[in-house]
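Novice: Predicted structure and sequence below. I'll ask about it afterward.
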Amino acid sequence: MTTYIIMQNRVADELMRDDLATQIQKAINSAITTWEGIRLGFNEKRYLINTVADQEYYDAVTPTLLESDATAVETGETVLELDSITATVNNMQYPLTPRTQAWFDRNTAPASVYTGQPDSYTWFANQLRLYPIPDNVYPLKLSALARLGPNPLSADNDTNLWMTEGEALIRQQSKLVIYRDIVRDPDGRAAAAEGVSEAQWNLERKMAGKLYTGTQRPWSL
């Protein structure tokens, strides 16, 4: 398993520089930020949020946001793009309907007037908003594009799927950042950019069959 320190050491080796430790640390986190909004399969996740009676808005971070098995998410982990939500009631799942913030503003009544089982949601200002305002505890299952934690990476042994599944992409992007912004090396930047393109292609090729068909298909097709 690749960790933050292993990634730092490999980037330093490939740059053939031992005097850029701080810059490499920052470059790795910057590389993750650059690519975290792109769906690559491993950064899609299922989460759990338990509603609270009379509470309309929910932060999508710890301690409100939970792993699908109800354990805590890593520090800094959150939802970047929400795909769907289902509520579980009496062991039955009910999909919630996505709405706009404007729709909510037109239709939501205060908790003192009306509450119930949520059937609609919106995402606004990095918070989940529910309608009607819950009258009880309802487990909500979220499918989402995730900002994987820990974020940012800081401890030597910190790791996440960007350090394993996305290792080549982040390593090459980190070198590109160093060559472009720190050492001003056009040839190094061009080589790193080529490495980024290759790593991106490999990851997107692995994802493509599942992303567009919903099934796994042989890579040779």
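Specialist: Received, thanks.
Novice: Would you mind identifying the next helix or strand past the strand ranked longest in the chain?
Specialist: Assignment by DSSP state E gives strand 78-89 as the longest strand of the chain. Using DSSP states H and E, the helix or strand that directly follows strand 78-89 along the chain is strand 92-95.
Novice: Need the residue closest to the centroid of this protein.
Specialist: residue 146 (1.8 Å; Cα atoms, centre = their mean).
Novice: Dig out what that one forms beta bridges with.
Specialist: Under the criterion DSSP bridges, residue 146 forms beta bridges with residue 79.
Novice: hang on, it packs against residue 79?
Specialist: Yes: judged on Cβ atoms under 8 Å, residue 146 makes contact with residue 79 at a distance of 6.5 Å. To be clear about C-beta, it is placed using only N, CA and C from the backbone, and glycine gets the same treatment.
Novice: List the contacts of residue 175.
Specialist: 11, 14-15, 27, 188, 192, 195 (Cβ atoms under 8 Å, 6 or more residues apart in numbering).
Novice: sorry, back to before: residue 195 versus the residue nearest to the centre of the chain, what's the distance?
Specialist: According to Cβ to Cβ, to the nearest Å, residue 146 and residue 195 sit 25 Å apart.
Novice: do residue 154 as well
Specialist: 25 Å.
Novice: do the same with residue 204
Specialist: For residue 204, the distance to residue 195 - Cβ to Cβ - is 15 Å.
Novice: again, but for residue 49
Specialist: 38 Å.
Novice: quick one on the thing from earlier: now the contacts of residue 175 as CSV including neighbour count, distance to residue 128 and pLDDT?
Specialist: Below are the contacts of residue 175 laid out as CSV (neighbours: other Cβ atoms under 10 Å; distance: Cβ to Cβ, whole Å; pLDDT from 0 to 100):
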residue, neighbour count, distance to residue 128, pLDDT
11, 25, 37, 98
14, 17, 41, 98
15, 22, 42, 98
27, 26, 33, 98
188, 18, 43, 98
192, 23, 38, 98
195, 18, 38, 98
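Novice: Quickly check the residues you listed for the two that are furthest apart.
Specialist: 27 and 195 (13.8 Å; Cβ to Cβ).
Novice: how does the chain divide into domains?
Specialist: Listed by automatic domain parsing, the domain ranges of the chain are 4-40+149-213, 44-147.
Novice: Tell me which of those domains sits most buried.
Specialist: Among those, domain 4-40+149-213 has the highest mean neighbour count (mean count of other Cβ atoms under 10 Å), at a mean of 17.
Novice: Sounds good, over and out.
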